[in-house]
Structures are given as C-alpha cells and as structure tokens.
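Novice: sharing a model that was predicted from the sequence below.
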Amino acid sequence: MSERLLVLVRHGQSEWNLKNLFTGWKDPDLTELGVKEATEAGRKLKAQGLVFDVAYTSVLTRAQHTLDLILGELDQKGLPTSKDLALNERDYGDLSGLNKDDARKKWGEDQVLIWRRSYDVPPPGGESLKDTLARALPYYVQEILPGVLNGKRTLVAAHGNSLRALIMVLEKLSPEGILKRELATGVPIHLPAQRGFDGGLEAGSGGLVFAADGRAGGWAKRSVPTMHRRSRKNGGHGAVRLCPPCGSSLTASPVARPPSPASPACG
C-alpha cells in the first residue's frame, strides 16, 4: 500500500473575489492572479515530489480550472477526476452576486456579519456552514476517505467553506472554533494519519495536506481526531454519524445531493 495522502486546495482568486462580490454557487472563472496561484501550487506540489492517483472537485468552473492548472504542472492531465455538487462552495442565496459593501448597506453590517461568520444561521435562500458540512462531509466519508485509507493519493480542489467543513471534523473543532479557523493562503497543513482516523484501522505513515487559495507552501503539523460512532440528523441532508461534542465523523447515510445545476443559486 502506498503512503496515504490527501491534498485539499482552495481555488485561486476568482473574478468575483476580485470584485468583492458574494459568489457561492455562481460560476465566475479565475482572474489572472488566480491562474498564477493555481499554477504555482502545481509547481510547488511537484517540487515536493507528489504524484496523485485520483482527484475530486466541485461542478464550478473556478475549482475545475484550478485543478486543471495544477495537474498540468504535475504532468498528470489524464488523472481520473470526479466532479460533484457536494464539494460546491456554500450557497449564499439572496446575497449571491451582491457587492459585500452594498449588502451591508441594505441589511446592516451586524446582520451581514452574522450570515457570513455564524455556524448555523444561513442568509436568505442560502446555506449556513452547518448546511455545507451536512452535504460535504457525507461525500468525503463515502467517496473520498475510503480511497485515501486504501492508499490512493488524493487531490481535492474545492472552495473555502466546503473545505472548512472537512477541516472542522479532521481537526475536531467546535462550531465556535471553526468560525475562527482561517485557511491560511499558501500554507498547507500536514495531518499525520493516526489510529482512529478511520474508526480503528491503523493508518500508518503518510498524512493529509491542506492548501488554501491555490498555493502550496511549507508544512504545518496537526493531529488527527479519533472518530467516534454516534448519530445525529442533519437538516434533511441525511444522518451523519457524529460524536457530540467533538463533531468527529466516520460514517454517513447515502449522500444527499444539493439542488441541481439548474437551480437559480448556481447562476
């Protein structure tokens, strides 16, 4: 079995990031800077000698473009890749497409801050971070994690909030803790695979790597939480097995899909 490895990369800067717009499920592409960030991520991952067996991404252009650029730098453009709605960015609902300053003028700075930074309060017509976790985590547990544990070296290019939902579980953060957890630009986090990562299987050597905003850099070590087996219902998205109060998860019911690409939220 090869060394276990998971690399998470947030997409590079998008056109709407540059314009300070709420993006969510809208589908702008990368800016020139975003292309450079993704390309640099690929170069740095290649410099670390990383080679992947499989990749995952969302159905949104900015994440797919980031992945394509990274794979190009790795000389792995033919890598088997799965694209899924479950890895989409958090849906910002009625805020999507609005300038963040204009939204503050319309609803008030305090209310917009609550929508952006609270764990379980969604904006009108959109998702909270809790909702995002309820769709991203089952997909991770059922589709991505088994391959990682079987030695598939896995690359995931996705979005700030869908990746934050996974980090909440892998770092065993509370809802309050994840709100303070920033995905540092260009600083991958190396999570050594330890016993308990998969509910009892010895994970052995290897680890997990997290990168943000399309850039890779130095390594920072974190411990992996033990996954406990308890169940809790999650907002109509299915039953995800969690351990209160730590939020760790191992198993889940079949993945419930978010709205189809035809949804107005997708743009």
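Specialist: Alright, I've got the coordinates. Note that the coordinates shown come from a computational prediction; the quantities given were computed from them, not determined experimentally.

Novice: list the contacts for Tyr56?
Specialist: 81-84, 87, 143-144, 154-158 (C-beta atoms under 8 Å, 6 or more residues apart in numbering). C-beta coordinates here come from the backbone N, C-alpha and C atoms, glycine included.

Novice: quick one: which of the residues you listed is most hemmed in?
Specialist: When neighbours are counted by other C-beta atoms under 10 Å, Ala157 leads these with 31 neighbours.

Novice: check that one and give its pLDDT.
Specialist: In this model, Ala157 is scored at 92, pLDDT.

Novice: ok, now how distant is it from Val7?
Specialist: Distance, Ala157 to Val7, using C-beta to C-beta, to the nearest Å: 9 Å.

Novice: try Asp94
Specialist: Distance, Asp94 to Val7, by C-beta to C-beta: 34 Å.

Novice: which one of the two has more residues nearby?
Specialist: Remark: of Asp94 and Val7, Val7 carries more neighbours, 22 against 16, as counted by other C-beta under 10 Å.

Novice: shaky segments in the stretch 1-150 of the chain?
Specialist: For the stretch 1-150 of the chain, applying pLDDT under 70 flags the ranges 1-2.

Novice: with distance to Asp131 and secondary structure added, can I get the contacts of Tyr56 in CSV?
Specialist: What follows is the contacts of Tyr56, written out as CSV (distance: C-beta to C-beta, whole Å; DSSP: H, G, I helix; E, B strand; the rest coil):
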residue, distance to Asp131, secondary structure
Thr81, 25, strand
Ser82, 22, strand
Lys83, 20, strand
Asp84, 16, coil
Leu87, 14, helix
Glu143, 19, helix
Ile144, 19, helix
Thr154, 24, strand
Leu155, 25, strand
Val156, 20, strand
Ala157, 21, strand
Ala158, 16, strand
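
Novice: out of those residues, which comes closest to Glu3?
Specialist: Proximity of the contacts of Tyr56 to Glu3 (C-beta to C-beta) peaks at Thr154, which lies at 11.7 Å.

Novice: shouldn't the closest one be in contact with Glu3?
Specialist: No: between Thr154 and Glu3 no contact is recorded; they are 11.7 Å apart, counting by C-beta atoms under 8 Å.

Novice: list the contacts of Arg117.
Specialist: Going by C-beta under 8 Å, 6+ apart, Arg117 touches Leu179.

Novice: how close does the closest residue to Glu176 other than its chain neighbours sit to Asn150?
Specialist: Among residues not flanking Glu176 along the chain, Tyr119 sits closest, at 7.5 Å (C-beta to C-beta, 6 or more residues apart in numbering). Distance of Tyr119 to Asn150, given as C-beta to C-beta: 32 Å.

Novice: ditto for Val35
Specialist: Val35 sits 33 Å away from Asn150, going by C-beta to C-beta.

Novice: ok, those two, which is more surrounded?
Specialist: The residue with more neighbours, out of Val35 and Asn150, is Val35; 17 against 11, by other C-beta under 10 Å.

Novice: secondary structure of the more buried one: a helix, I assume?
Specialist: Yes: Val35 forms part of a helix when assessed by DSSP: H, G, I helix; E, B strand; the rest coil.

Novice: could we number from 354 for the rest of this?
Specialist: OK, 354 is where the count begins now, so the last one is Val388.

Novice: what does the model give the closest residue to Arg534 other than its chain neighbours for pLDDT?
Specialist: Among residues not flanking Arg534 along the chain, Leu526 sits closest, at 6.0 Å (C-beta to C-beta, 6+ apart). What the model reports for Leu526 is a pLDDT of 82.
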